[in-house]
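>>> What follows is a predicted structure for the sequence shown.
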Amino acid sequence: MTGVASVRAFTRARNRRHHSWSDRYVMLMALGLLATLVFPMIGRAVAAVPRDVDPARTGTGLALIALLLVVALSLARAVGPAGVSAADASWLVLSPLPRRDVLAPALLVLAGVSAAVGACLGLALLNAVGAPDALPLRLFVSVVLGVAWTLGGAAVTVLAQASPAWNDRLSALLVVLVVAAVALAVMSLGPGQGALAGLASAPPAAWAAVASASAAAAAGLAWRAGVCAARIPARAVLEASTRTGLASGAFVLMDPGTLASIAEDAHWRSRALRSRAWPRRLRGAAAVAWLDWRRLARRPGRLAAMAAATVLPVLAARAGGGMPAALLVLAVGAAAVAATGTAGARRDAGDGSLARLLGAGPRTLLAARAVLPALLGGSWLTLALAGLDLAGPGGLLWLLGPLCAPALAAGALRAARRRPVDHTLPVMDSPLGPVPTGPLLWALAGADLAVLGCLPALLAFTTGVSVPLLAAQAVCAAAVLAAYCAAPRRPST
C-alpha cells in the first residue's frame, strides 16, 4: 500500500460511516433511473441519424464540433484541470507524498467526464456526417473518435498545467481548431462541397483507420500526462483546487451568479495595469460607466471571440437545426455578449459606494451603464442576422439588431443585478414533477425583460420583416429600457 493510500485509508477508518442496505438500494435506484432516462435519449439520437450525404450539413456540423472542442479545452484549462478537494489541498499536496498518487482520483474523474463528453461528441459527429451504410459500425467508429479526441485533449490540458511548453502547444492547438472550423464553414457554403461529400461517403474501413490512429495518439498522450502529473507544481494544483472548490460550491448552492464575479476577479488579480488619465469631459455617471469601457478594451481577445461567434447561428441552422436552432443560438449569444459589459452593474448591486462618492444618481448611472451592453448586444445581433440573411433566401432581418439593442441592455442589467437564488421559496408542482421556484425565478430574471422588449422581432421571424414591425420593435425596446431605468432602485434589481 502506497503512502497516499495509507493516509486515505486511515482517514476513512476514522470517519467510517456504515452503509446500510437502504443506502445501497437508493444508489442502485438512482443508477437505474439514470439509465432509464439516458438510454431512450441515445436511441432517439441514433434513430435520427440521417442516411444521406449532405455536404453543407457535414461542413457546418464538423465546424461546430471543432468549436465545441475549443470550448471544452478552454474550460478545462481555466479550471485546472488537475485539482483536488480542499482537505487534500491542505494536507496532501504540500506533503512529501508522490504528487501523481495525490492527483490520481482527480485524473480518473477527468478521464470519466472526458469519455462521457466524447461519446456525445461522437453522436454529434455521426449526425453531421450521416450513415449511408453500416450504421452500427459507423456509430462505434464515431464514438471511438469522439472519446479519443476528448481524452487526448484532456491529456494535453494536464500536460499544459505541468509544463509551459505544453501550454504553448495547447494554445496553438486551439488556434488550429478555430482555423479548421472557419475553413469547414467556408467549404460548406460551396467551394469545398465535393471534398466534404467524399469525406462523408468514405468507406467504414477508412473511418476505422482514422479512429485507430486517434485512439493510439490519445493513449500516448494519456500515458505522457500520467508521467508528467508527478511534476505539476504545487502552486498550480492549489490554484486549480481553489477554482474547482468555488465552482462546485456555487453549483451545490445553486448560485451560479457568483461564478461571473469569481472569474472576473481571478482574471484581473494577477495583472499589472498601467494607469491612465481620467477623461476630463466625463463627470458623474458617465465617469463611473467609463470603467466598463476600459475593462472591455483591455481584453481584445474577448472582443475577437465575440466577433467570431456571429457565425454560430448560421452554422446551427445549416447543421440541421433549422430556424429554431438559429433562434436559440441568437438568443443565448446576444444575451451572453450583452452581459460582458455589465461587470460594473454587478458590482454596484453589492456595493454602490463608488457611485455615491462620485455623485452619480442610481437612475442616471443605470442609464449610462446601459450604453455598453446595448452596443455590444445590438452589434452582435446585427452581424449574426446579416449572416443569416446572406446564407438564407435573403431578407432584412439585420435591421432588427439595432432595434433590439435597448431590450438586450435592459435584460443584461437586470440579470447582472439580480439577487442570489432564494431557496426558501416554495416548490411548484408541474406535470413533469416538482419545480423549485427559487432557481426558476433567478433564471428568468433578465430574460423576461429581453423577451418582452423583443416580441415584435420574434413575430418578424414568422411573418416577415415589415415597416410596422420595425417601428413596433423600436418603440417596445426603448420603452422597456426606459421603464427599467426609471423604476425605483433596489440594491439588487
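Great, that's in hand.
>>> For the rest of this, base every contact and every neighbour count on C-alpha atoms.
Fine.
>>> ok, which stretches of the stretch 301-450 of the chain are strands?
Using DSSP state E, counting those that start in this stretch, the strands of the stretch 301-450 of the chain run over 427-430, 433-436.
>>> mean confidence score for stretch 44-59?
The pLDDT scores in stretch 44-59 average 80.
>>> distance between it and the chain's centre?
Chain-centre distance of stretch 44-59: 25 Å, with CA atoms, centre = their mean, to the nearest Å.
>>> Tell me the buried residues in that stretch?
46, 49-50, 53-59 (16 or more other CA atoms under 10 Å).
>>> can I get the CA coordinates of it in PDB?
The C-alpha coordinates for stretch 44-59 follow below in PDB (Å, rounded to 0.1, in the frame of the first residue of the first chain):
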ATOM      1  CA  ARG A  44     -33.700   8.600 -30.300                       C
ATOM      2  CA  ALA A  45     -30.400  10.300 -31.300                       C
ATOM      3  CA  VAL A  46     -29.300   7.200 -33.200                       C
ATOM      4  CA  ALA A  47     -32.700   6.800 -34.900                       C
ATOM      5  CA  ALA A  48     -32.400  10.500 -36.000                       C
ATOM      6  CA  VAL A  49     -29.100   9.900 -37.800                       C
ATOM      7  CA  PRO A  50     -29.500  10.900 -41.500                       C
ATOM      8  CA  ARG A  51     -28.900   8.200 -44.100                       C
ATOM      9  CA  ASP A  52     -28.000  10.600 -46.900                       C
ATOM     10  CA  VAL A  53     -24.800  12.600 -47.600                       C
ATOM     11  CA  ASP A  54     -25.300  16.400 -47.300                       C
ATOM     12  CA  PRO A  55     -22.000  18.400 -47.800                       C
ATOM     13  CA  ALA A  56     -23.500  21.500 -46.200                       C
ATOM     14  CA  ARG A  57     -24.600  19.700 -43.200                       C
ATOM     15  CA  THR A  58     -21.300  17.800 -42.900                       C
ATOM     16  CA  GLY A  59     -19.200  21.000 -43.100                       C
END
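>>> ok so, going back, including distance to Ser20, could the buried residues of stretch 44-59 go into JSON lines?
As requested, the buried residues of stretch 44-59 are exported to JSON lines (distance: CA to CA, whole Å):
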{"residue": "Val46", "distance to Ser20": "39"}
{"residue": "Val49", "distance to Ser20": "44"}
{"residue": "Pro50", "distance to Ser20": "48"}
{"residue": "Val53", "distance to Ser20": "54"}
{"residue": "Asp54", "distance to Ser20": "55"}
{"residue": "Pro55", "distance to Ser20": "56"}
{"residue": "Ala56", "distance to Ser20": "56"}
{"residue": "Arg57", "distance to Ser20": "52"}
{"residue": "Thr58", "distance to Ser20": "52"}
{"residue": "Gly59", "distance to Ser20": "53"}
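>>> of those, closest to Cys454?
Arg57 (29.8 Å; CA to CA).
>>> Buried residues of stretch 86-93, list them for me.
Per 16+ other CA under 10 Å, stretch 86-93 contains these buried residues: 88-89, 92-93.
>>> Which one of those is nearest to Leu458?
Ala89 (50.0 Å).
>>> which residue packs closest to that closest one, ignoring adjacent ones?
Leu238 (6.2 Å; CA to CA, 6 or more residues apart in numbering).
>>> same question, Ala415
Gly446 (4.4 Å).
>>> now the host helix or strand of the residue nearest to Ala89, how far from the centre of its chain.
Secondary structure from DSSP states H and E places Leu238 in helix 234-252. Taking CA atoms, centre = their mean, one finds the center of helix 234-252 at 18 Å from the center of the full chain.
>>> Which pLDDT value belongs to the residue positioned nearest the centre of the chain?
Geometric centre of the chain, nearest residue: Val71, 6.8 Å, by CA atoms, centre = their mean. pLDDT for Val71: 88.
>>> Quick check: it is in a strand.
No: counting by DSSP: H, G, I helix; E, B strand; the rest coil, one finds Val71 to be helix, located in no strand.
>>> circling back to that earlier point, and the helix holding Leu238, what's its mean pLDDT?
Mean pLDDT, helix 234-252: 73.
>>> What helices and strands are in contact with it?
Identification of packing neighbours for helix 234-252 by 3 or more CA pairs under 8 Å, 6 or more residues apart in numbering; DSSP states H and E yields helix 55-79, helix 86-91, helix 257-269.
>>> Check which helix or strand Gly83 maps to.
Assigned by DSSP H and E, Gly83 falls outside every helix and strand.
>>> Can you list the buried residues in the helix holding Leu238?
For helix 234-252, using 16+ other CA under 10 Å, the buried residues are 236-245, 247.
>>> Could you do stretch 276-289 as well?
Under 16+ other CA under 10 Å, the buried positions of stretch 276-289 are 284-289.
>>> Distance to Met29 added to those, as a markdown table?
Formatted as a markdown table, these follow (distance: CA to CA, whole Å):
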| residue | distance to Met29 |
| --- | --- |
| Gly284 | 60 |
| Ala285 | 57 |
| Ala286 | 58 |
| Ala287 | 58 |
| Val288 | 55 |
| Ala289 | 53 |
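>>> For stretch 191-206, list the C-alpha coordinates in PDB.
Below are the C-alpha coordinates for stretch 191-206, written out as PDB (Å, rounded to 0.1, in the frame of the first residue of the first chain):
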ATOM      1  CA  PRO A 191     -16.200  25.900 -52.600                       C
ATOM      2  CA  GLY A 192     -15.300  22.500 -50.900                       C
ATOM      3  CA  GLN A 193     -18.600  20.600 -51.000                       C
ATOM      4  CA  GLY A 194     -17.100  17.900 -53.200                       C
ATOM      5  CA  ALA A 195     -14.400  17.200 -50.700                       C
ATOM      6  CA  LEU A 196     -16.900  17.200 -47.900                       C
ATOM      7  CA  ALA A 197     -19.100  14.800 -49.800                       C
ATOM      8  CA  GLY A 198     -16.100  12.500 -50.400                       C
ATOM      9  CA  LEU A 199     -15.300  12.600 -46.700                       C
ATOM     10  CA  ALA A 200     -18.800  11.800 -45.600                       C
ATOM     11  CA  SER A 201     -19.200   8.900 -48.100                       C
ATOM     12  CA  ALA A 202     -15.800   7.400 -47.200                       C
ATOM     13  CA  PRO A 203     -15.900   3.600 -46.500                       C
ATOM     14  CA  PRO A 204     -16.200   2.500 -42.900                       C
ATOM     15  CA  ALA A 205     -12.700   0.900 -43.200                       C
ATOM     16  CA  ALA A 206     -11.200   4.400 -43.700                       C
END
